[in-house]
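Asker: Okay, structure incoming, though there's no sequence with it:
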């Protein structure tokens, strides 16, 4: 293990965090030096100094090997979360040490769950920092880091694949620099577009920027206690639905669609499966709400169903109504969407639609092979044949994912958390969705979860964001030869 390589590259990641802390402090200046100015400035100085130290005193190395790569990825996320909690701890209020850790991890992993009971009590600059952690985490600490590395290393593509998941590579036939350029251009382009759209729809500029950071990263932090529902605006909700859907799609395909002026995005079988899931779930939830006489007109029920289906499957977690009081079938469908989620190559969490699609394809193939034992029937995604090794890897990951999900729910239940709260919280945090059901629902928060429970949920967020394997490998990396 070359510690100097790890230190230098993690230092670069911390410098990005410091840059946004200073930017948040500048927001405090705009709002008459609000109460978060000193915490943000001091946090920025500490983070900047820590990140700069290895760049000055550690010798530069050109080559990054697999050991260093895994270590850089995992430690960049963990240290970003640790330094990211400094502004919360120094400001105080509801932010105890564990609450600050939970909020920081939730921001960087774009989960969007919160411990805050009164979000609007936070100063503007701290709200901006909170949304900024979504922006940093959404584009990926590692991708940020790679953007400014002057070295040319064959390991860059490996890092990028780890950050975006290996399932992205089928539609991501770019070289490393081009891939990173695509991610950043689409991400920043969508964020700017979302901010403009929210502003034109009726939000003030501050809220528009903060919600743009959240919606494109599929994070879910809002500047209001009632989330998007606080605006009571159909137009603002429509803008949110559009960008939540786009935020859950493959950024490489979005880029190709605009660059080549084609419909490549909508020809992708994964995109069709994703949008088809949204359509079917919306119809089923709408019918369930109508049958059970949920308050609201027929069209209001359809719209609320569409908004919340998109919010859950995209892992954004914005809220317009309290879904915890919906009928059981609707809750069950939303939990399923929280497990499946959207497409790889985006900022979404969960299993990803890609894996679920391949799982169903392999299931159908197995059924056909039971009827025709001697047949050779490959698993296909569009015109591409999925190798058996990939199918096995997908099915194994799904099994491991469910194992982690049930372990999290079991541990929370042992601590005395209500079953629905425990199970939905485990699903929501491992999938980086944010809201669950019950007290941790779309209009609730995680403030009542026990201290150890918040720590476990924060670990689940990290496992979900790093796709489980990275953290497991990190635990055994020192044993590698």
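Answerer: On my side now, so go ahead. Not measured: the values here are computed from a predicted model.
Asker: Pull out the buried residues from stretch 255-265.
Answerer: Neighbour-count burial for stretch 255-265 flags 255, 256, 257, 264, 265 (criterion: 16 or more other Cβ atoms under 10 Å). (Glycine included, C-beta is placed from N, CA and C.)
Asker: May I have the distance across stretch 222-231, first residue to last?
Answerer: 11 Å (Cα to Cα, to the nearest Å).
Asker: Would you pull up how far it lies from the middle of the chain?
Answerer: Put simply, stretch 222-231 sits 19 Å off its chain's centre (Cα atoms, centre = their mean, to the nearest Å).
Asker: Which positions in that stretch come out as buried?
Answerer: By neighbour count on 16+ other Cβ under 10 Å, the buried set for stretch 222-231 is 222, 223, 225, 226, 227, 228, 229, 230, 231.
Asker: can you tell me which residues contact the first one?
Answerer: By that I understand residue 222. Listed by Cβ atoms under 8 Å, 6 or more residues apart in numbering, the contact partners of residue 222 are 119, 210, 211, 214, 228, 230, 318.
Asker: Out of those, name the ones that lie in helices.
Answerer: The helices, defined by DSSP state H, take in 210, 211, 214 from these.
Asker: and of those, the nearest to residue 193?
Answerer: Closest to residue 193 out of the ones in helices among the contacts of residue 222 is residue 211 (12.5 Å), distances taken as Cβ to Cβ.
Asker: Could you report the neighbour count for that closest one?
Answerer: 31 (other Cβ atoms under 10 Å).
Asker: Same question for the one 3 residues further on.
Answerer: Counted with other Cβ under 10 Å, the burial measure for residue 214 works out to 34 neighbours.
Asker: Do I have it right that it meets residue 132?
Answerer: No. Assessed by Cβ atoms under 8 Å, residue 214 is found out of contact with residue 132, at 10.5 Å.
Asker: Return the distance of the helix or strand where residue 181 lies from the chain's centre.
Answerer: If you go by DSSP states H and E, residue 181 is part of helix 176-201. Here helix 176-201 is found 16 Å from its chain centre; the criterion is Cα atoms, centre = their mean.
Asker: about what we covered before: with distance to residue 67 added, can I get the contacts of residue 222 in a markdown table?
Answerer: Output for these, formatted as a markdown table (distance: Cβ to Cβ, whole Å):
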| residue | distance to residue 67 |
| --- | --- |
| 119 | 41 |
| 210 | 38 |
| 211 | 40 |
| 214 | 35 |
| 228 | 44 |
| 230 | 48 |
| 318 | 40 |
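Asker: re earlier: okay, buried residues for the helix holding residue 181 please.
Answerer: So, applying 16+ other Cβ under 10 Å, buried residues of helix 176-201: 176, 179-180, 182-184, 186-187, 190-191, 193-195, 197-199, 201.
Asker: Likewise for stretch 28-36?
Answerer: 28, 34, 36.
Asker: Tell me who's in contact with residue 27.
Answerer: Contacts of residue 27 by Cβ under 8 Å, 6+ apart are 124, 125, 128.
Asker: The last one - that's part of a strand, no?
Answerer: It refers to residue 128. No. Counting by DSSP: H, G, I helix; E, B strand; the rest coil, residue 128 is not part of a strand but helix.
Asker: Give me the pLDDT value at it.
Answerer: pLDDT for residue 128: 97.
Asker: how near is it to residue 420?
Answerer: 34 Å (Cβ to Cβ, to the nearest Å).
Asker: same question, residue 318
Answerer: For residue 318, the distance to residue 420 - Cβ to Cβ - is 21 Å.
Asker: more neighbours, those two?
Answerer: residue 318 (29 against 17).
Asker: Share the number of residues neighbouring the closest residue to residue 388 other than its chain neighbours, please.
Answerer: Nearest non-adjacent residue to residue 388, counting by Cβ to Cβ, 6 or more residues apart in numbering: residue 379, 7.9 Å away. Neighbours of residue 379 under the rule other Cβ under 10 Å: 21.
Asker: quick one: residue 379 and residue 360 touch, right?
Answerer: No. Between residue 379 and residue 360 there is no contact under Cβ under 8 Å: 9.9 Å.
Asker: Can you tell me which of the buried residues of stretch 255-265 is closest to residue 285?
Answerer: Once Cβ to Cβ is applied, the member of these that ends up nearest residue 285 is residue 265, at 25.2 Å.
Asker: How many residues are close by residue 115?
Answerer: 21.
Asker: pretty sure it is touching residue 104, no?
Answerer: No. In this structure, residue 115 is not within contact of residue 104 by Cβ under 8 Å, at 10.7 Å.
Asker: Would you map the strands across the stretch 351-481 of the chain?
Answerer: 379-381, 384-386 (DSSP state E, counting those that start in this stretch).
Asker: Out of the ones you listed, which is the most enclosed?
Answerer: strand 379-381 (a mean of 18; mean count of other Cβ atoms under 10 Å).
Asker: can you list contacts of that one?
Answerer: 170, 269, 270, 357, 358, 361, 362, 365, 385, 386, 388, 391.
Asker: Pull out the buried members of those.
Answerer: 170, 269, 270, 357, 358, 361, 362, 365, 386, 391.
Asker: what's the closest non-adjacent residue to the last one?
Answerer: The spatial neighbour of residue 391 that comes closest, neighbours along the chain excluded (Cβ to Cβ, 6+ apart), is residue 362 at 4.9 Å.
Asker: Do I have it right that that neighbour meets residue 393?
Answerer: No. Applying Cβ under 8 Å, one finds residue 362 not in contact with residue 393, separated by 11.2 Å.
Asker: For residue 85, give me its contacts.
Answerer: Residue 85 touches 95, 100, 101, 103, 104, counting by Cβ under 8 Å, 6+ apart.
Asker: one more time with 6 Å, if that's ok
Answerer: 100, 101, 104 (Cβ atoms under 6 Å, 6 or more residues apart in numbering).
Asker: Neighbour-wise, give me the winner out of the residues you listed.
Answerer: With neighbours taken as other Cβ under 10 Å, the top of the contacts of residue 85 is residue 104, carrying 26 neighbours.
Asker: one step back: any chance of the buried residues of stretch 255-265 in JSON lines, with secondary structure too?
Answerer: Formatted as JSON lines, the buried residues of stretch 255-265 follow (three-state DSSP):
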{"residue": "255", "secondary structure": "helix"}
{"residue": "256", "secondary structure": "helix"}
{"residue": "257", "secondary structure": "helix"}
{"residue": "264", "secondary structure": "helix"}
{"residue": "265", "secondary structure": "helix"}
